[in-house]
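Student: only the shape, not the letters, is given here:
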């Protein structure tokens, strides 16, 4: 029954997602049904292996970014504010540096942008990004509490906007 309800919810969101959204969410692609990711592993900034299953039970806003990406620089403070507002409400913002990144450059990026609430993770082989179909940056994937991909957004968005909060609230309601 839960699968049928989830399918109906995602289908309804897919049909109406773009009609009333602004703030960069016009390109949001809500899937008709949740999709299990083929790859879930990555490393922390220190190179420690990790897996997306560590975030099971939360809706995950998985953001792929790079230190050289100008839209990423504009978007990251909003993601940081989203995590500060909703991190205790079942939403986890997980940032993933795309490709090989110097950890010191990543930390410098965080300091300059005054990022206080987000983790620094890396996808040095880009296998995780490839599994989610990332073709440009920034790119954000939304995972349900079971770790399945339910939506994808290529490009920059205002993640702390009322539109984003309403959208994520609908995903939490499932």
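Tutor: Received, thanks. Predicted model, so just to flag it, every value in this text is computed and none were measured. Numbering: from 1, shown residues only.
Student: just the helices in the chain please.
Tutor: Along the chain, the segments classed as helices by DSSP state H run 2-16, 70-86, 103-113, 127-131, 162-173.
Student: and the longest one, what does it pack onto?
Tutor: Of the remaining helices and strands, those touching helix 70-86 by 3 or more Cβ pairs under 8 Å, 6 or more residues apart in numbering; DSSP states H and E are strand 59-65, strand 91-98, helix 103-113, helix 162-173. For glycine as for every other residue, the C-beta is placed from the backbone atoms N, C-alpha and C.
Student: repeat that with 6 Å
Tutor: Packing partners of helix 70-86 (3 or more Cβ pairs under 6 Å, 6 or more residues apart in numbering; DSSP states H and E): strand 91-98.
Student: give me the sheet partners of the strand it packs on and which way each runs.
Tutor: If you go by DSSP bridges, strand 91-98 pairs up with strand 59-65 (parallel), strand 121-123 (parallel).
Student: out of those, which one sits most buried?
Tutor: strand 59-65 (a mean of 24; mean count of other Cβ atoms under 10 Å).
Student: which residues of this structure score low on pLDDT?
Tutor: Residues of the chain meeting the criterion pLDDT under 70: 1-22.
Student: excluding chain neighbours, what is closest to the residue nearest to the spatial centre of it?
Tutor: With distances taken as Cα atoms, centre = their mean, the residue of the chain nearest its centroid is residue 62 (2.3 Å). Of all residues not flanking residue 62 in the chain, residue 141 sits nearest, at 4.5 Å (Cβ to Cβ, 6 or more residues apart in numbering).
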